[in-house]
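Colleague: coords please:
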Amino acid sequence: MKARFFIDGQEIVEPNNYQELSLDLNFDKDNPKAQVTINQWELGVGSRTDALDGVKLATDHINGDFGVVEGQSFMIKVGSDVVFNGYFDLWGSIVSCDNITAEAFEQGGIDWLNENAEFTFEYLGEGLNNGDAGKILHTDFIPIPYIISEIPDLKDLMLTTLTITSTVIILIDQIQTLIEHIAGLINVFQILDLVKAVLRAAFIVGLVIQLIKLSKQAFNLIIQPFKYHYGMNVLLMCQKAAEYLGKNFTCPILETDFKHLVILPEKYQQIQNTTNDGVFGLLNANSVNEKGYYKGTFGDLLRQLKIMFKAKIFVTDTDIHLVREDQLPSEFTPAVSDYSIPDVEIDEYRFNRDDFYSNYLIDFAIDQNDKNTINEYEGTAIQIQTVPKTQRTQKTLTKGIIQNNIQFALGKRKTELTRPEKLFKRFFKIFDALLGSVIKIVNRARKVMNSILKTLNKIIKTIRAVGINWRPKIQLLKPIKLNQLEDLITDRINMLKMENDFITVPKMLLVEEKLSPSKNHLLPDNETKLSAEYLWNNYHNISSFDEVEYSETNQYLIYETPEIPFTCKDYLSVKNKNTITSPDGNKGRIDSLEWNPIKETAVIKYRINNIYLSNLKTEKLIPNGK
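Modeller: Okay, here's the model as predicted:
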């Protein structure tokens, strides 16, 4: 069938070397890439004035407003069907008298995404100020409350003990003294005991205020109140980035199982709260200066998600899809093509040995600046060993290792109070009760004492009236109101815990945003889902060759057809759905094919799932950091 060629939508005469045309369709880990086998297209039939000659159109593009920095549209049709839709790279072309030689690349595929996804999320957020992207808004960020959990906590425990001990000793001593003076007032009404009681009560009022302030300061400096870092939902980030590229983003994984996945980016500088006892960090969730987006590029994030979920990317005219490697986007329906390889003799095959790894490693990063990621190491890594069940010699061919390194640390959820927190909580409970008793005593005696103080002030006023210059005025005692200190310890369970306020390795955590930012706690399944073992059990185990442990074994026989008849309709039926039926009726997957649209023939490499090895078993090694 005749191939037709178009530049900028205008049909041109065939390039000089068009008869060498064939299309390679490769189904690797990402969506199929259609690559014309002619690396250098030769345009030009000896005229630079004829529009049918591709040279004129290419020359006009080079000399146009956008020049060589923009690819020039290039399309190939077979009949009325588009079999290649791409562009010429004229920047890398060779220009001679009446010829231009240039490479062609498919438009909108994975190569296009790789070239266009290397922009930062900072640009998406901050570009609005410069008239650029402006896709990410401050309302897209999630304030994540966190608490400081130092490892080890012996220093904090010692400081807490000393603070509590000295505070209790002072308070008990003053209460005992006040009781003695009040007893003196009741038993023997002496003016000296009255003065002492008034002064002692006033002193205790001031002391209580200072002890409450001291306790809060000690708590803030030793334990610290919860503070906030800003993060952002991963799905939302991908949607914003895809929107900037003019596409939609879909991912069944992030839309269901990991819909609450949040990235907490690096944090190198902190706010100093000068009015909060020198505590660093954001104490409220209303800062417009804090940012929560991932500090890499969109391409960086996609590559990390591919590793994490053993995923691949499909790019269509309207969408960017991220799905597990063995799946297809839902829009590719039916998921199985109706193409069957004709009944030809294929008398050889090979095993997919290149897909086998005896050691399969998945691991998250650790943050040396946050020892919680080290102290609670379990879940950070898993090693899967696939080894023979039995063997006669040491000449085993089961070898190799593949490492899936995820460049994010795991956010650790607070599940119990630390020893200093428990000590403070017990102290605050006792201290609140003790202060309550003191305040009741002082407040009850306040009226009587204030009446006496008013009488003394009248006497002083009378003395001044007779000419004696005596100016003192005794201040009346004000009622004391008690704020429960125990409230400082409440509602900290399930918050993110960190050793300090700085983040040197971005963290991943599961957080469902609530109306109240202080309730944005880590979800109960945070440690379950965000673990290397969970990723293996739910995503990566499709790599296993163990046919007993896993129903979908990764064992395949690989075949290659001779040159077979293959029409444009056949090509279009398998381009996005690489499933086929083999000559013997088995379902299989195409690895690659080379199609010659002029001759209407193809050579296909495909694989059939077939258990050829049953002497394997799986061993899981889950390190706990000990």
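Colleague: what bridges to the residue nearest the centre of the chain?
Modeller: By CA atoms, centre = their mean, the chain has its centre lying nearest to residue 263, at 2.9 Å. On the basis of DSSP bridges, residue 263 is bridged to residue 232, residue 508.
Colleague: secondary structure element holding residue 305?
Modeller: helix 298-309 (DSSP states H and E).
Colleague: tilt between the next helix-or-strand element following that helix and helix 298-309?
Modeller: Downstream of helix 298-309, the next assigned helix or strand under DSSP H and E is strand 311-315. Inter-element angle recorded for strand 311-315 and helix 298-309: 140 degrees (by axes from the mean of the first three to the mean of the last three CA atoms, to 10 degrees).
Colleague: could you pull out the strands in the stretch 51-200 of the chain for me?
Modeller: 72-78, 81-95, 100-106, 141-148 (DSSP state E, counting those that start in this stretch).
Colleague: ok, now the stretch 401-550 of the chain?
Modeller: Going by DSSP E, counting those that start in this stretch, the stretch 401-550 of the chain shows strands at 401-410, 412-413, 496-498, 507-510.
Colleague: quick one, which of the ones you listed is nearest to residue 365?
Modeller: strand 401-410 (5.0 Å; CB to CB). Where C-beta positions appear, they are placed from N, C-alpha and C, glycine not excepted.
Colleague: tell me the buried residues in the closest one?
Modeller: Applying a neighbour-count criterion of 16 or more other CB atoms under 10 Å, one finds 404, 406, 408, 409, 410 buried in strand 401-410.
Colleague: and for stretch 423-430?
Modeller: Within stretch 423-430, judged by 16+ other CB under 10 Å, the buried ones are 423, 424, 425, 427, 428.
Colleague: go on, stretch 80-97?
Modeller: Per 16+ other CB under 10 Å, stretch 80-97 contains these buried residues: 83, 84, 85, 86, 87, 88, 90, 93.
Colleague: about what we covered before: make CSV out of the strands of the stretch 51-200 of the chain and add mean pLDDT.
Modeller: Listed next are the strands of the stretch 51-200 of the chain as CSV, based on pLDDT from 0 to 100:
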stretch, mean pLDDT
strand 72-78, 91
strand 81-95, 89
strand 100-106, 87
strand 141-148, 92
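Colleague: quick one, phi/psi of the closest residue to residue 401 other than its chain neighbours?
Modeller: Spatial nearest neighbour of residue 401, chain neighbours left out: residue 359 (4.0 Å); criterion: CB to CB, 6 or more residues apart in numbering. In terms of degrees, to the nearest 10, the main-chain angles of residue 359 are phi -120, psi 120.
Colleague: is it true that residue 359 touches residue 387?
Modeller: No. Using CB atoms under 8 Å, residue 359 makes no contact with residue 387, being 9.4 Å away.
Colleague: residue 109: which of the strands of the stretch 401-550 of the chain is closest?
Modeller: It's strand 401-410; of the strands of the stretch 401-550 of the chain, that one is closest to residue 109 (CB to CB) at 24.5 Å.
Colleague: which elements pack onto the closest one?
Modeller: The elements that strand 401-410 packs onto, with contact taken as 3 or more CB pairs under 8 Å, 6 or more residues apart in numbering; DSSP states H and E, are helix 298-309, strand 359-365, strand 507-510.
Colleague: most tightly packed of these?
Modeller: Ranked by average neighbour count under the criterion mean count of other CB atoms under 10 Å, the helices and strands packed on strand 401-410 are headed by strand 507-510 at a mean of 24.
Colleague: elements contacting it?
Modeller: Against strand 507-510 (3+ CB pairs under 8 Å, 6+ apart) you get strand 261-264, strand 401-410, helix 526-529.
Colleague: generate CSV for those, with mean pLDDT as supplementary columns.
Modeller: Shown next, in CSV, are those (pLDDT from 0 to 100):
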stretch, mean pLDDT
strand 261-264, 98
strand 401-410, 96
helix 526-529, 95
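Colleague: distance of the spatially closest residue to residue 368 that is not a sequence neighbour from residue 295?
Modeller: Distances taken as CB to CB, 6+ apart place residue 504 nearest to residue 368, at 7.2 Å, with adjacent residues excluded. According to CB to CB, to the nearest Å, residue 504 and residue 295 sit 12 Å apart.
Colleague: find the residues that touch each one of the two.
Modeller: Common contacts of residue 504 and residue 295 (CB atoms under 8 Å, 6 or more residues apart in numbering): residue 266.
Colleague: between the two ends of stretch 550-565, how far is it?
Modeller: 37 Å (CA to CA, to the nearest Å).
Colleague: no no, stretch 597-611
Modeller: End-to-end distance (CA to CA), stretch 597-611: 36 Å.
Colleague: ok now it, how far from the chain's centre?
Modeller: Stretch 597-611 sits 39 Å away from the centroid of its parent chain (CA atoms, centre = their mean, to the nearest Å).
Colleague: dihedrals phi and psi, residue 244?
Modeller: phi -60, psi -30.
Colleague: ok, it touching residue 121?
Modeller: No. Contact criterion CB under 8 Å: residue 244 and residue 121 do not qualify, at 10.0 Å.
Colleague: these two: which has the busier surroundings?
Modeller: More neighbours surround residue 121 than the other of residue 244 and residue 121, with 27 against 21 (other CB atoms under 10 Å).
Colleague: test my guess that that one contacts residue 293.
Modeller: Yes. Under the criterion of CB under 8 Å, residue 121 makes contact with residue 293 at 3.8 Å.
Colleague: shared neighbours of these two, anything?
Modeller: With CB under 8 Å, 6+ apart, residue 121 and residue 293 have common neighbours 136, 232, 237.
Colleague: shaky segments in the stretch 451-600 of the chain?
Modeller: The stretch 451-600 of the chain contains residues with pLDDT under 70 at 451-488, 490.
Colleague: how does it look with 80?
Modeller: Low-confidence segments of the stretch 451-600 of the chain (pLDDT under 80): 451-491, 576.
Colleague: and what of the stretch 301-450 of the chain?
Modeller: Judged by pLDDT under 80, the stretches of the stretch 301-450 of the chain that qualify are 330-338, 391-398, 417-450.
Colleague: helix, strand, or coil at the closest residue to residue 26 other than its chain neighbours?
Modeller: Once flanking residues are discounted, residue 26 sits nearest to residue 592: 4.7 Å by CB to CB, 6+ apart. The local conformation at residue 592, judged by DSSP: H, G, I helix; E, B strand; the rest coil, is strand.
Colleague: and residue 592, how many neighbours?
Modeller: 17.
Colleague: that one contacts residue 602, doesn't it?
Modeller: No. Using CB under 8 Å, residue 592 is not in contact with residue 602, being 10.4 Å away.
Colleague: residue 561: how many residues sit nearby?
Modeller: So residue 561, with other CB under 10 Å, has 19 neighbours.
Colleague: would you agree it is in contact with residue 345?
Modeller: No. Residue 561 is not in contact with residue 345 according to CB under 8 Å; the separation is 9.6 Å.
Colleague: thanks a lot, catch you later.
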